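*Asks:* for reference, the sequence and a predicted model appear below.
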Amino acid sequence: MKKIEAIIKPFKLDDVKEALNEIGIQGMTISEVKGHGRQKGHKEIYRGAEYVVDFIPKVKIEIVVDDAMVDKVVETVVSAANTNKIGDGKIFVIPVEQAVRVRTGERGADAI
Amino acid sequence: MKKIEAIIKPFKLDDVKEALNEIGIQGMTISEVKGHGRQKGHKEIYRGAEYVVDFIPKVKIEIVVDDAMVDKVVETVVSAANTNKIGDGKIFVIPVEQAVRVRTGERGADAI
Amino acid sequence: MKKIEAIIKPFKLDDVKEALNEIGIQGMTISEVKGHGRQKGHKEIYRGAEYVVDFIPKVKIEIVVDDAMVDKVVETVVSAANTNKIGDGKIFVIPVEQAVRVRTGERGADAI
Amino acid sequence: MNSGDIAWMLTASAMVMFMTPGLAIFYGGLVRAKNVLGTMMHSIISLGIVSILWILFGYTLAFGPDVHGVIGNLSYLGLSGVGMEAGPYASGIPHILFCAFQLMFAIITPALITGAFAERMKFSAFLIFTVLWTSIVYFPVCHWVWGGGFLGSMGALDFAGGTVIHINSGVAALVCAFFLGKRMGYGTDQLHPHNVPLTVLGAGILWFGWFGFNAGSALSAGTSASMALFVTQTAAGCAAVSWIIAEWFYQGKPTTLGAASGAVAGLVAITPAAGFVGPVSAIIIGLVAGVVCYLAILAKAKMGYDDALDVVGVHGVGGLWGALATGLFACEAIGGKNGLFFGNPKQLLIQAEGALVAIVFSVVMTAVILKVVDALVGLRVNKEEEHQGLDLSQHSEVGYRI
Amino acid sequence: MNSGDIAWMLTASAMVMFMTPGLAIFYGGLVRAKNVLGTMMHSIISLGIVSILWILFGYTLAFGPDVHGVIGNLSYLGLSGVGMEAGPYASGIPHILFCAFQLMFAIITPALITGAFAERMKFSAFLIFTVLWTSIVYFPVCHWVWGGGFLGSMGALDFAGGTVIHINSGVAALVCAFFLGKRMGYGTDQLHPHNVPLTVLGAGILWFGWFGFNAGSALSAGTSASMALFVTQTAAGCAAVSWIIAEWFYQGKPTTLGAASGAVAGLVAITPAAGFVGPVSAIIIGLVAGVVCYLAILAKAKMGYDDALDVVGVHGVGGLWGALATGLFACEAIGGKNGLFFGNPKQLLIQAEGALVAIVFSVVMTAVILKVVDALVGLRVNKEEEHQGLDLSQHSEVGYRI
Amino acid sequence: MNSGDIAWMLTASAMVMFMTPGLAIFYGGLVRAKNVLGTMMHSIISLGIVSILWILFGYTLAFGPDVHGVIGNLSYLGLSGVGMEAGPYASGIPHILFCAFQLMFAIITPALITGAFAERMKFSAFLIFTVLWTSIVYFPVCHWVWGGGFLGSMGALDFAGGTVIHINSGVAALVCAFFLGKRMGYGTDQLHPHNVPLTVLGAGILWFGWFGFNAGSALSAGTSASMALFVTQTAAGCAAVSWIIAEWFYQGKPTTLGAASGAVAGLVAITPAAGFVGPVSAIIIGLVAGVVCYLAILAKAKMGYDDALDVVGVHGVGGLWGALATGLFACEAIGGKNGLFFGNPKQLLIQAEGALVAIVFSVVMTAVILKVVDALVGLRVNKEEEHQGLDLSQHSEVGYRI
Ligand SMILES: Nc1ncnc2c1ncn2[C@@H]1O[C@H](COP(=O)(O)OP(=O)(O)O)[C@@H](O)[C@H]1O
Ligand SMILES: Nc1ncnc2c1ncn2[C@@H]1O[C@H](COP(=O)(O)OP(=O)(O)O)[C@@H](O)[C@H]1O
Ligand SMILES: Nc1ncnc2c1ncn2[C@@H]1O[C@H](COP(=O)(O)OP(=O)(O)O)[C@@H](O)[C@H]1O
């Protein structure tokens, strides 16, 4: 199993979720994060002074899937989250050794 | 070392924390996340229209432990977080290659 | 590639970010988390009763880098985040099998 | 009629109305985020329900010509005959304006109770409870004291509603807390306020509105209202100070919520006394109120009922102290009546009697009403709903998306 | 002059001013967090802009000596001649106080419209729009009804601004919604309120201020103001109740936002009628307002324009209902005029005519103004900016760091 | 006595009281979330502390029969002799009501200062500071101007407290900022507001209350109050507009916080002038206030003191401009006195002298008091506590759990 961590633009979340649902992926966990990278931050003004805030709101989606699904999921996310602009985000694939469903205690592929 | 990521129902957090403390686990990091899966989302109404919000608040607990402890931790979380209802959550086990304590620079098992 | 997860004190974030920028690391993702460990929690009072809140605000920084950079990044974070007090935090190193840039579809080291 | 009096009573009516939204956010800030709207809703919708009851039959029950000291007759049903002429309760203002001013009191009283059953009452149950309680408890007690009823005739002093409003609602709150039982997680989870700044702002609005409440109860713009305003400010300020001093002493830290709660406790305590006492008495009434109400809240923890937002400790205990304090500090030079400290010990007794009657009546009737409501629709949301919070389970809404 | 009247009108002016910050948070809570400041700014800066226009030329256009029933002449340019003497519109108060009171109405009217173009209008475009709309639409319509113009002479009743303020702004809002087009994500994303407690507090402040609005429109502290205050409370409360009952019926749950919106709908509807109707009529006006405005909002969803914060449904439809209701329920005993139900069917016709004139004028002129503003600076922020939100893109600020 | 005057002064007193909770949220929104309660607490508890001081000895020091132009004698100690009779300062209202109105001014003045030492002052130090400063600085200066003291006799005009309140507190704030030193992270971290909507609402409440402040300072419901109300609205609105125009020009974007700050700056500037100037002068006073205070805040950044919430820039500089502007624009037709532009250059000099005296006195005494408090308990929290925030370290509370 692998965990796919996708860091995307917040307003793309619904698109990505639906694209994933379409390829049969239901389970996922999301969190609000802030990103730093090449994308320029935004400007804020306070009391006449300008500040650049270079942590930009992003959404992180975590999806644990069977090895077989990894490529498909990655592609789906890439195409759904893409806006062709800097800051569209990254996808990381991380090994998962075990998965357990809390309710039933099921393990492995059955758990996800 | 492994990182155990448990995604649980928010109101179970205190129970899980205490159960972990009882088996000698102190260190953990938690974050507020939202989950999508089989559990039905809740209904919201705005201006006469109904919306289903299918991202459900969850808590993610991350615990890095020695390989030897993994099973015990997983079992502890499963039994403490279980309510026997859909949406109880998942546990994922992920390999960790190194751990460092910032304060001392200690590494490996000593760091956690 | 590895993912370096650093859990640090929130007010150290800017220092760490700058230290990383100095060694050429731009990309990172941060999130607000709460930590539990040896550091004592703070006291709250409500209606005459005292409560100890033992989840302490922390910031998690995630940085995916080439294997060659891992040690340098870890050291940089350690020295920038260190205050020599309990609760300074931890760094975990986790294997990453693949990285993809959403905008271009680039993979591997090119993506980060 | 007198345009100065009318000017003041228009303003005072508006200010007392404003207290109910103030209460909505005072209470709203004190609950957990998932219950903020359900809690605010209690106050907001009371503004509607009680207005309707008042016009239809409430005003006539409370202020219609007296029947045996117990209730008003039906002369003013549907406000017939209540119009733009002066009197009968205040010669300087139109009857309809007196009726408007009193309506605002009728609205906030049941809204105060809602703090006791916060975070767990069914919305339908709340609605029925409010209709019944206002009709069967508030209107009669109001009549007894202000409408020509037996408590007023007996000589019980209640300038702006210490007994009618605060003791009455505080005691009802106690009964509600017992009947509803504790919130899930009481004693284990931290059922703490989600937005204290909102609560402090609510206290500020209440404080502001309370000048209309107390000084408006003079029903004219004159010396009585002026003194009432001054002592209101005094008691509120003193109780805020004494509450945080008590906290500092007992728990090592003074809290902002303590200051806000203390202010409200002081406002409650001075309510019955406002037109009868002077500034120095008001200092004492306020200082005592802050400490006594704080101790009442500490005591609650030991007595094991879950009066979620401390209506009993602040309004019940504060109101009782105020009623008795009126019997102690009333001074003829200010309001025409003397209390114990000015040589008239009987007044204290009358005050205690008045309070007792209200307490007994409110306890019994509230219990009966709760039984009825429970039988009709059930008082409490189920566990699943309580977990989810009232906002989602009762109203399908969420408070914040920040 | 009369110090009671002055006392009341000073207070009423302050209360009506306070409605605009109240509106700022009412609207502010309804938008998404990224637009909260941009939305509040619309109201706050209107307090400034309109004050300046008013002094320079607005007051004289609206209330200067009448020219052919259409506009005021320039006698009061720069408020020359408007000072501390009594009259000409109210004998009990100084001219400058009447001018102050009316200024507060001129401020809130364009601010109401901003709900329609929330979350997507350029700040510069908003500024120009507000200057033009207030000058070309508000000042004339205000003159027609209250300043000696043809609508007032025709006998159209508008106690506190149902036509001048609510129909006028509601209709302008409709035009704005059409011209600006839908917000990005309309129909797909959940463009829901980010802070409902703030909105409910805003409704509370509006309710409070509305007593100044309606009872202040009597321009004296007397019986008319007293009755206006009472019916204002009644209609607001009834509409809050009927709105949530309608919700319960249609959508299975009553909402807190519904109660707040209902209250505002009731306040809007009673505005033109306030000095002309009695309490029982007010109950009906309020109950109908809650249901009708709720249905208007349901209808909007089908009609496909994005009136973001429902200005049309609440102020347009509510104002129209109020104008007509005045023609139905006006009662000589209260305000000197009868409506249909009191034997004077002609009044209903006059009311409808008055409303129609305002609607046509407002639609046409608003459209023209929007065209001009669009040509000058463009109405709408670009996509990138809309994504980012108005707070960052227009003001380089963020609302919250909690 | 006159019921219209009483009606207005009851209302005005309540409105000025309401400014202090308004200030609590104005300041509360400007600090970081971890300091919101500690900051609000400063204002809320001032409502209590100063009320007590006032009754015990404050009123008599400020308004007791004059002793050599310097201080009031002790005739009114414990408010003895201050009751329901008319006068001595206003013939239309009871003495106790004048005393209540003035109390509200005494409360808000030290509360204003707290913006300068926000986010780093020990709560105990704040308490002692407030007691001492109010007693030793406010009461005397108040006496000098309004209580029969030498500044008033000299002819210095200060309608509602430009010198007594704003210059006085603004200058004290400057001294506090110097003595306390900068906040941790000043210049490196972004010490930005955590809740701007709260701050804007606070500005709205201040604006509303300020009508009571300025128009109430006429002490009667007449033409003077009416004009004061009008120019208050005008100056506030104009300053909001000119502030954001200045921002637009200098920094490329107008901000919501700028509009709110501008409004407050305008209100400050018109305070001393309110009863003495007309609408067109008020436009100029307001427009200048917005720009000057904005520039003062820009200048602060270069001068290197950390006046956290800009009390100096808004109240100090705005108050000074207002005091001088009164000497420029005062007009006999309005308030019985002429300024420079109406042919009386001497008035400007007197105004400057009055301001100078207040500045020197306030600087010296504030410095002395700070030295004393520092010696007694230490002014500033330690680093650990500052990191944690005042809410946890001083009060063991948290503002939000959203
Ligand atoms: N090395 C990295 N490790 C972790 N997260 C990263 C890394 N680089 C970028 N990110 C995340 O991806 C987001 C987008 O990256 P950015 O460089 O701005 O644009 P792009 O995705 O177009 O290359 C960042 O905001 C950050 O959250
Ligand atoms: N494949 C997955 N990857 C990551 N998180 C998942 C995955 N499946 C489920 N989750 C998380 O677990 C939570 C519970 O899953 P759900 O399917 O609702 O119920 P259950 O745990 O009973 O199977 C989800 O809300 C989501 O946060
Ligand atoms: N075993 C662990 N797994 C995950 N996170 C941990 C673990 N131990 C500690 N942490 C995180 O590191 C933070 C600091 O740890 P703590 O024990 O308080 O101090 P120190 O870093 O000095 O050892 C904790 O608040 C928690 O967020």
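*Replies:* Received it, and whenever you're ready, just let me know what you need. Ligands and ions are numbered 1, 2, ... in the order given.
*Asks:* which residues of chain D lie near chain B?
*Replies:* D:185, D:188, D:189, D:387, D:388, D:392, D:395, D:396, D:397, D:398 (Cβ under 8 Å from any Cβ of the partner chain). The way it works is simple: take the backbone N, C-alpha and C, and place the C-beta from them, glycine included.
*Asks:* tell me which two of these sit farthest apart.
*Replies:* D:188 and D:396 (28.2 Å; Cβ to Cβ).
*Asks:* look at the two and report which has more neighbours.
*Replies:* A side-by-side neighbour count of residue D:188 and residue D:396, using other Cβ atoms under 10 Å in any protein chain shown, places residue D:396 first with 21 against 9.
*Asks:* how deep is the closest residue to that one other than its chain neighbours tucked in, by neighbour count?
*Replies:* Once flanking residues are discounted, residue D:396 sits nearest to residue B:45: 4.1 Å by Cβ to Cβ, 6 or more residues apart in numbering or on different chains. By other Cβ under 10 Å, 19 other residues sit near residue B:45.
*Asks:* with residue A:70 instead?
*Replies:* When neighbours are counted by other Cβ under 10 Å, residue A:70 registers 18.
*Asks:* same check on residue A:52?
*Replies:* Neighbour tally, residue A:52, other Cβ under 10 Å: 9.
*Asks:* pretty sure it is in contact with residue A:41, am I right?
*Replies:* Yes: if you go by Cβ atoms under 8 Å, residue A:52 and residue A:41 touch, sitting 5.1 Å apart.
*Asks:* and the gap between residue D:221 and ligand 1?
*Replies:* Distance of residue D:221 to ligand 1, computed by Cβ to the nearest ligand atom, to the nearest Å: 63 Å.
*Asks:* next, that residue: secondary structure please.
*Replies:* Of the three states, residue D:221 takes coil under DSSP: H, G, I helix; E, B strand; the rest coil.
*Asks:* show me what contacts it?
*Replies:* Residues in contact with residue D:221 (Cβ atoms under 8 Å, 6 or more residues apart in numbering or on different chains) are D:2, D:4, D:5, D:7, D:8, D:9, E:7, F:3, F:4, F:6, F:7, F:10.
*Asks:* now swap in residue D:331 and tell me
*Replies:* By Cβ under 8 Å, 6+ apart, the residues touching residue D:331 are D:276, D:277, D:278, D:281, D:338, D:339, D:342.
*Asks:* model confidence for it, exactly?
*Replies:* Looking at residue D:331, its pLDDT stands at 97.
*Asks:* what distance do you get for it to residue E:333?
*Replies:* Separation of residue D:331 from residue E:333 (Cβ to Cβ, to the nearest Å) stands at 45 Å.
*Asks:* show me which residues of chain A sit near chain E.
*Replies:* Going by Cβ under 8 Å from any Cβ, the residues of chain A near chain E are A:11, A:14, A:42, A:43, A:44, A:45, A:46, A:50.
*Asks:* what does stretch D:181-189 contact?
*Replies:* Applying Cβ under 8 Å, 6+ apart, the set of residues contacting stretch D:181-189 from outside is B:11, B:14, D:119, D:120, D:191, D:305, D:306, D:308, D:380, D:383, D:386, D:387.
*Asks:* now it - C-alpha only, CSV.
*Replies:* Output of stretch D:181-189 as CSV, limited to C-alpha atoms (Å, rounded to 0.1, in the frame of the first residue of the first chain):
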residue,chain,number,x,y,z
GLY,D,181,-29.8,16.3,33.4
LYS,D,182,-26.2,16.9,32.7
ARG,D,183,-24.7,17.5,29.3
MET,D,184,-22.8,14.6,27.8
GLY,D,185,-19.2,14.9,28.8
TYR,D,186,-20.0,16.9,32.0
GLY,D,187,-17.2,16.3,34.5
THR,D,188,-14.9,14.7,31.9
ASP,D,189,-14.7,16.8,28.8
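*Asks:* just how off-centre is that stretch within its chain?
*Replies:* 26 Å (Cα atoms, centre = their mean, to the nearest Å).
*Asks:* do the same with stretch D:169-186
*Replies:* Taking Cα atoms, centre = their mean, one finds stretch D:169-186 lying 16 Å from the centre of the chain it belongs to.
*Asks:* same check, this time on stretch D:36-52
*Replies:* Averaging C-alpha positions (Cα atoms, centre = their mean) puts stretch D:36-52 15 Å from its chain's average.
*Asks:* now do the buried residues in the helix or strand where residue A:20 lies.
*Replies:* Per DSSP states H and E: residue A:20 is located in helix A:13-22. For helix A:13-22, a neighbour-count test (16 or more other Cβ atoms under 10 Å in any protein chain shown) marks A:13, A:15, A:16, A:17, A:19, A:20 as buried.
*Asks:* can you tell me the SS state at the nearest residue to the last one once chain neighbours are set aside?
*Replies:* To tie it back to what came earlier, the one meant is residue A:20. Spatially, and ignoring its direct neighbours in sequence, residue A:20 is nearest to residue A:76 (6.0 Å; Cβ to Cβ, 6+ apart). Assigned state for residue A:76: helix (three-state reduction, three-state DSSP).
*Asks:* residue A:18 is in contact with residue A:76, correct?
*Replies:* No: assessed by Cβ under 8 Å, residue A:76 is found out of contact with residue A:18, at 10.1 Å.
*Asks:* out of the contacts of residue D:221, which two sit at the greatest distance?
*Replies:* Greatest spatial distance among the contacts of residue D:221 (Cβ to Cβ): D:2 and F:10, at 14.2 Å.
*Asks:* can you list the residues of chain A near chain F?
*Replies:* So chain A meets chain F at A:44, A:45, A:46, A:47, A:48, A:49, A:50, A:51, A:53 (Cβ under 8 Å from any Cβ).
*Asks:* if you set the cut-off to 6 Å instead, what comes out?
*Replies:* By the rule Cβ under 6 Å from any Cβ of the partner chain, the part of chain A lying against chain F is A:45, A:46, A:47, A:48, A:51.
*Asks:* can you select the buried ones from these in PyMOL?
*Replies:* Selection of buried members from those for PyMOL, criterion 16+ other Cβ under 10 Å:
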select buried, chain A and resi 45+46+47+48
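*Asks:* rewinding a little: among residue D:2 and residue F:10, which residue is more densely surrounded?
*Replies:* Using other Cβ under 10 Å as the criterion, residue D:2 and residue F:10 rank with residue F:10 on top: 33 against 21.
*Asks:* let me see the contact set for that one.
*Replies:* D:8, D:215, D:225, D:229 (Cβ atoms under 6 Å, 6 or more residues apart in numbering or on different chains).
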